[in-house]
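> turn this into a structure:
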Amino acid sequence: MPSPVPANPVPEPPARALLDAAQAPMLPAARATLAAAWDQGWADTSRLYAQARTARALLDRAREVLAEGLGVRPAELSFLPGGPAALHAGIEGLLWAGRRRGDRLVACAVDHSTVLTHGRHRAARGHGFAEVPVDHRGRADVEAFTRALAVEGTVAATLQAANGEVGTRQPLDLVHAASRAQGVPLVVEAMACLGRDDVPTAHDVLVGDARSFGGPPGVGLLVVPARTRWRRPGPPSGIEQSRTDVEPVVPLVLAAAEAWQQTAAVRADDARLARELVAQIRDRVGQIPDVEVVGDGVDRLPHVVTFSCLYVDGEALVTELDRRGLAVASGSACTSSSLEPSHVLAAMGVLTHGNVRVTLPLLAVCPDRAASVERFLHELPDVVATVRARLGAHRL
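Numbering: from 1, shown residues only. Next up is the predicted model:
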């Protein structure tokens, strides 16, 4: 006899849709490379026996692939354990190299939290630090940046290529020209854009993270061109051109190189499709009452969009969307471990609460990306209304 059908069957949980790809799954090809590489790249690359020479050859080849993609020489590229670590090292190397001329660092108010936390800590100990303001779209004030660079004792500056929270591209060419005129080297942080947008060329130090192009965590990219005066504090390590104390994990670097090759081959098409989806989100979200889409609508990353909702809390929106199977983010993109109000939105002068950030994954990671966006746009008006009703704000 067949089993009786339950009177009240348990509903199937909703399918999951990933719309927060700030830290996305690896590309399938990169994951396969990583799995295979453990058998070939496990040895100490500084040794002389056969397995070590194999690991060294694999590391060198991966460096060549990534360096070519970034438009630099292999010797100018070092691997560090993550993008934030590379960013910290890039800044510290400039500050140490310029210590006889001063100790002042210039940054932007929407820069990565690694930069701002480090700069404010230095300022509390009596070192120079300036935060350049941004406009309502999140773009750095070039005139203010130029004035800050001209202050005596300034020896390093940093600016994002584009903001990973609101997508706004920064005026790199103008700021880099100003920094060169003052003899101040510029660190460009490209953790949100590598593999998703053009590789920045206006820089004195370039920093990236393999996760942005579908690679594994734990691979930060630090580019120090030969023309740049850079020195790591402390004695030379002999590791990664003496830019770190940590040996790179060869299988991770190989997976990063594979991810770059896969992403670069389709980047233009992927970016075009992502830009179209973000345009749909910006248009339809903007039709919901008391919702503001933030960031530059044109000069932006193709895959990032953030909006703020009046009368609601961002955490409540994220939780309700998650209950419906939609993974999005809230708060600052570079402090994802907390839901503290976004320092980026605060610097822009827009609503800091009730914000939702969508970071579209690569199509190779999520082939159903367009369907996920449509589902998100279908659910969002009801989600906003539901959360507002819970708070009694629907009558305002």
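
> and residue 389, which of the three is it?
Using DSSP: H, G, I helix; E, B strand; the rest coil, the structure places residue 389 in helix.

> can you get me a residue count around it?
Residue 389 has 11 neighbours, counted by other CB atoms under 10 Å. Quick note: C-beta positions are derived from backbone N, CA and C, even for glycine.

> what distance do you get for the most centrally placed residue in the chain to residue 100?
The centroid of the chain falls nearest to residue 192 when counting by CA atoms, centre = their mean (3.0 Å). Using CB to CB, to the nearest Å, residue 192 is found at 34 Å from residue 100.

> what sits against residue 25?
Neighbouring residues of residue 25 by CB atoms under 8 Å, 6 or more residues apart in numbering: 18, 31, 361, 365.

> what segments of the stretch 101-250 of the chain are strands?
Using DSSP state E, counting those that start in this stretch, the strands found in the stretch 101-250 of the chain span residues 104-108, 129-132, 154-160, 186-189, 205-209, 220-223.

> need these in TSV with distance to residue 40, can you?
Formatted as TSV, these follow (distance: least, CB to CB, whole Å):
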stretch	distance to residue 40
strand 104-108	41
strand 129-132	45
strand 154-160	36
strand 186-189	32
strand 205-209	24
strand 220-223	22
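
> please name whichever of the ones you listed is nearest to residue 314.
Among the strands of the stretch 101-250 of the chain, strand 154-160 comes nearest to residue 314, with 21.9 Å by CB to CB.

> now do the closest one against strand 205-209, angle only.
If you take axes from the mean of the first three to the mean of the last three CA atoms, to 10 degrees, strand 154-160 sits at 40 degrees to strand 205-209.

> which helix is the longest one in this structure?
helix 250-285 (DSSP state H).

> which helix or strand lies directly C-terminal to it?
Heading C-terminal from helix 250-285, the first helix or strand you meet, by DSSP states H and E, is strand 291-294.

> from the chain's centroid, how far away is that following strand?
Taking CA atoms, centre = their mean, to the nearest Å, one finds the center of strand 291-294 at 21 Å from the center of the full chain.

> tell me the mean pLDDT for it?
For strand 291-294, the mean per-residue pLDDT is 95.

> quick one: list the elements packing against it.
Identification of packing neighbours for strand 291-294 by 3 or more CB pairs under 8 Å, 6 or more residues apart in numbering; DSSP states H and E yields helix 250-285, strand 304-309.

> which residues touch it?
Residues contacting strand 291-294 (CB under 8 Å, 6+ apart): 137-138, 166, 282, 285-286, 305-310, 345, 348, 350-351, 355, 384.

> 6 Å instead?
By CB atoms under 6 Å, 6 or more residues apart in numbering, the residues outside strand 291-294 that reach it are 166, 282, 285, 286, 306, 307, 308, 309, 350.

> in its sheet, what does it sit against?
strand 304-309 (antiparallel) (DSSP bridges).

> buried residues in stretch 289-302, which are they?
291, 292, 293, 294, 295, 296, 297, 300, 301, 302 (16 or more other CB atoms under 10 Å).

> quick check: end-to-end length of it?
Stretch 289-302 has an end-to-end distance of 25 Å (CA to CA, to the nearest Å).

> how far is stretch 307-319 from where the chain is centred?
For stretch 307-319 - counting by CA atoms, centre = their mean - the centre lies 22 Å from the chain centre.

> avg pLDDT for that stretch?
Mean per-residue pLDDT for stretch 307-319: 92.

> repeat for stretch 67-81
If you average the pLDDT over stretch 67-81, you get 98.

> which residues does that stretch contact?
Residues outside stretch 67-81 that contact it (CB under 6 Å, 6+ apart) are 63-64, 86, 89, 199, 218-220, 222-225, 240-241, 243-244, 246, 248, 253, 260, 264.

> one more time with 7 Å, if that's ok
Residues from elsewhere that reach stretch 67-81 (CB atoms under 7 Å, 6 or more residues apart in numbering): 63-64, 66, 86, 89, 199, 201, 206, 218-226, 240-241, 243-244, 246, 248, 253, 260, 264.

> helices of this protein, start to end?
Applying DSSP H to the chain gives helices spanning 28-37, 50-70, 83-97, 113-124, 142-149, 172-181, 250-285, 314-323, 343-348, 369-390.

> buried residues in the second one?
Right, the one you point to is helix 50-70. By neighbour count on 16+ other CB under 10 Å, the buried set for helix 50-70 is 54, 55, 56, 58, 59, 62, 63, 65, 66, 67, 69, 70.

> hmm, back to that, out of the strands of the stretch 101-250 of the chain, nearest to residue 27?
That would be strand 205-209 among those, by CB to CB, at 14.5 Å.

> on contacts alone, who are the packing partners of the closest one?
helix 83-97, strand 186-189, strand 220-223 (3 or more CB pairs under 7 Å, 6 or more residues apart in numbering; DSSP states H and E).

> now render those as JSON lines, adding distance to residue 388.
Supplementary listing: the helices and strands packed on strand 205-209 in JSON lines, determined by distance: least, CB to CB, whole Å:
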{"stretch": "helix 83-97", "distance to residue 388": "36"}
{"stretch": "strand 186-189", "distance to residue 388": "36"}
{"stretch": "strand 220-223", "distance to residue 388": "41"}
